[in-house]
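Participant: I would like to see how this sequence folds:
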Amino acid sequence: MSATQPVKPVQPKVTEREARQVAEAAREQDWRKPSFAKELFLGRLRLDLIHPHPLPPDEDVRRGEAFLARMRTFCEEELAKGTPARIEREAKIPDETVRGLKELGALGMKIDPKYGGLGLTQVYYNKALALVGTVSPAIGALLSAHQSIGVPQPLKIFGTQEQRDTYLPRCATTAISAFLLTEPDVGSDPARLATTAVPDGADDYVLDGVKLWTTNGVVADLLVVMARVPKSENHRGGITAFVVEADSPGITVENRNAFMGLRGLENGVTRFHRVRVPAAQRIGAEGAGLKIALTTLNTGRLSLPAMCVGAGKWCLKIAREWSGAREQWGRPVAHHEAVGAKISFIAATTFALEAVVDLASQMADEDRNDIRIEAALAKLYGSEMACLMADELVQIRGGRGFETAESLAARGERAVPAEQMLRDLRINRIFEGSTEIMHLLIAREAVDAHLSVAGDLVDPEKALGDKARAGARAAGFYARWLPQLATGAGQIPGTYRAFHPSGHPDLATHLRYVERCSRKLARTTFMAMARWQGRMETKQGFLGRIVDIGAELFAMSAACVRAEHLRATGEHGREAYQLADAFCRQSRIRVEELFGRLWTNTDELDRKVVEGVMTGTYAWLEEGVLDPSGEGPWIADASPGPSTRKNVHRPIR
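Facilitator: Below is the predicted model of the structure:
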């Protein structure tokens, strides 16, 4: 196939089933290693997989702590220069700050030292992001997008040795990278990807298309681009990943996007017009692009909840200091129960989030467990809870919480950017898989054991013979599995004695609760599958609650394990136990509510109301307002062709 004339990228018309098949083909099919979270959804509390808490080697700690010290000094200098306020004011990270990060080695935190990187573990990489993210979430996003989903991570896992030798030294020191998947009309449904990479002879591909929300794309030197290779003779085709030089002829950054938060984010719209890419820059095989993206995100997602941990710590600090200084009705507001409950929530949740992120990160470093569900749960739970903590901080601060830091400073008060924190955190519920998509992704992994043995029974396209064999497999699996859900360690008083040391709160009680709820969650999932069978995938409200229960149980387990680890090492043991106890008690209330809402909800009525809204039945309800958005397309035209706009790409040298 020749690429002298570009193939017009047409949005593929795909059915819901076809879209699901594309996503299913991209996910990792096998479970070669144990997974604590997977077992939790199956009704088994495998505490042995996470307790005693895994620990990093001493050399990793030494290297990590040394870099954290340098990063803290750098961040303190940036604070002294007023960089955070400048970023918010100018909507741009100063070039000298980015150059300072390069000199510090921050671009290569996760890259192996043999390529010029620092070789930090996931644990210390996350701690560094949490630290720098409190100075500016935009700086944290720049570093995270570069290393967690940009060029370094996919090349580390899937790249050739030649590709690693060529690009990783640059990524470790000078070259900022970006990841380009989303398109103007394609979000979490990659089956409709329209950007094409047409083979031109044996040595080149030619890219045409438009990518949206390219984080780091405005300043990037290197890009990971997902494009569809047309199927043809000698080409299996499919969505494929490429490393592309950002200054290649035919690439235009047409717009730098602006958002409600993360004002320093270098995020844009990038157009490819007949961009020639050597075949040697293809990552992996043709058609492997989505699998590469999903595998990269397995650990890449941990960077986002790490920054949520940093946000929680900052919220706690401000809440403590402000609530002690602000008095109402004769005493500090912290001592009023309505405010105190919010402070307790922030403190307990921050402790649990740090426990989740540290545990999942250390498990990723050890590589003894499959953490795809744990990382996804950390992202889901961290992004949701961080937003709640920031919202509570704004409420604690009252009118000052709604006021900008610049305005506070202008009238002589401490410049606390509480409202900015709330705005900055909001994107985390959308970044790297929205909450709704994460619910579906985790739910699919959580029921994988069921689908592997009984999936053919509910698949309308399977032949009777396939269904009969599936029935036999399912009968054997459930004959062994279901009896295990009837009783367990959570019903035996005194189980998990290590978590009830003398003089400390009884965390063993909470772990027994987790064990009982794990079995209840598994039974409930089985009942739902039996009830809805092939329609189970449409019950997104139910699946979302199932996943949210699992997230709470995982967080409770992590909090208890971390508290016991801190007690055993003699570091803040009593305080850690109290925080874990508070979190677990708060979490149990949420779990009970979620269990209740599994079967008592308004899901069916909601569907009817939505149908009425979409058919215009309730159009009268919209009367009496004006729409300031005016006219214009909902989705911008992304037709291929040369750019007609100024290139706003500005690499930082």
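
Participant: In a strand, residue 274, correct?
Facilitator: Yes: under DSSP: H, G, I helix; E, B strand; the rest coil, residue 274 sits within a strand.

Participant: Could you list which residues are in contact with residue 516?
Facilitator: Residues counted as contacts of residue 516 (Cβ atoms under 8 Å, 6 or more residues apart in numbering) are 488, 490-491. In short, each C-beta sits where N, CA and C put it, glycine included.

Participant: Same question for residue 583.
Facilitator: 348-349, 351-352, 555-556, 559.

Participant: which of those residues lies closest to residue 625?
Facilitator: residue 349 (37.3 Å; Cβ to Cβ).

Participant: Got phi/psi on the closest one?
Facilitator: Backbone torsions of residue 349, given as degrees, to the nearest 10, read phi -70, psi -40.

Participant: so how far is residue 292 from it?
Facilitator: Relative to residue 292, residue 349 is positioned 34 Å away (Cβ to Cβ, to the nearest Å).

Participant: just residue 490 next, same as before
Facilitator: The spacing between residue 490 and residue 292, counted by Cβ to Cβ, is 40 Å.

Participant: Looking at these two, which has the bigger crowd around it?
Facilitator: Neighbour count, other Cβ atoms under 10 Å: between residue 490 and residue 292, residue 292 has more, with 24 against 19.

Participant: any idea of the pLDDT on that one?
Facilitator: pLDDT for residue 292: 93.

Participant: Repeat that for residue 15.
Facilitator: For residue 15, the pLDDT comes out at 68.

Participant: And for residue 6?
Facilitator: 45.

Participant: so where's the stretch 51-200 of the chain uncertain?
Facilitator: Along the stretch 51-200 of the chain, no part satisfies pLDDT under 70.

Participant: Where do the strands of it begin and end?
Facilitator: For the stretch 51-200 of the chain, the strands defined by DSSP state E, counting those that start in this stretch occupy 177-180, 196-200.

Participant: Nearest to residue 459 among the contacts of residue 516?
Facilitator: Nearest to residue 459 out of those is residue 488 (Cβ to Cβ; 32.0 Å).

Participant: Ramachandran coordinates for that closest one?
Facilitator: phi -170, psi -170.

Participant: State the number of residues packed around it.
Facilitator: Counted with other Cβ under 10 Å, residue 488 comes out at 17.

Participant: Tell me how far residue 297 lies from residue 530.
Facilitator: Residue 297 sits at a distance of 32 Å from residue 530 (criterion: Cβ to Cβ).

Participant: oh, I was asking about residue 618
Facilitator: 36 Å.

Participant: Let me see the ranges of the helices in the stretch 301-450 of the chain.
Facilitator: For the stretch 301-450 of the chain, helices defined by DSSP state H, counting those that start in this stretch occupy the ranges 303-325, 337-366, 372-397, 399-402, 405-410, 418-426, 435-446, 448-454.

Participant: quick check: mean pLDDT across the first one?
Facilitator: What it means is helix 303-325. Rounded mean pLDDT across helix 303-325 is 97.

Participant: Begin at 11 from now on, thanks
Facilitator: Renumbered: residue one is now 11, and that last one reads helix 313-335.

Participant: so what does that helix touch, helix or strand wise?
Facilitator: Where contact means 3 or more Cβ pairs under 8 Å, 6 or more residues apart in numbering; DSSP states H and E, helix 313-335 is packed against helix 132-145, helix 147-154, strand 341-342, helix 347-376, helix 382-407, helix 428-436.

Participant: tell me what the third one is packed against?
Facilitator: Identification of packing neighbours for strand 341-342 by 3+ Cβ pairs under 8 Å, 6+ apart yields helix 313-335.

Participant: Now the helix it packs on: buried residues?
Facilitator: By neighbour count with 16 or more other Cβ atoms under 10 Å, helix 313-335 contains the buried residues 313-326, 328-329, 332-333.

Participant: Could you report the neighbour count for residue 108?
Facilitator: 21.

Participant: before we move on, what about residue 217?
Facilitator: For residue 217, the number of neighbouring residues by other Cβ under 10 Å comes to 26.

Participant: so is it in a helix, a strand, or just coil?
Facilitator: strand.

Participant: Let me see the contact set for it.
Facilitator: Residue 217 neighbours (Cβ under 8 Å, 6+ apart): 205-207, 235, 237, 252, 254, 260, 282, 284-285, 287.

Participant: Show residues contacting stretch 450-463.
Facilitator: 37, 41, 48, 51-52, 382-383, 386-387, 390, 443, 480, 483-484, 487, 535-536, 539, 546, 550, 553-554, 556-557, 560.

Participant: just the buried members of the residues you listed?
Facilitator: With burial judged by 16+ other Cβ under 10 Å, the buried subset of the contacts of stretch 450-463 is 48, 51-52, 382-383, 386-387, 390, 443, 480, 483-484, 535-536, 539, 546, 553-554, 556-557, 560.
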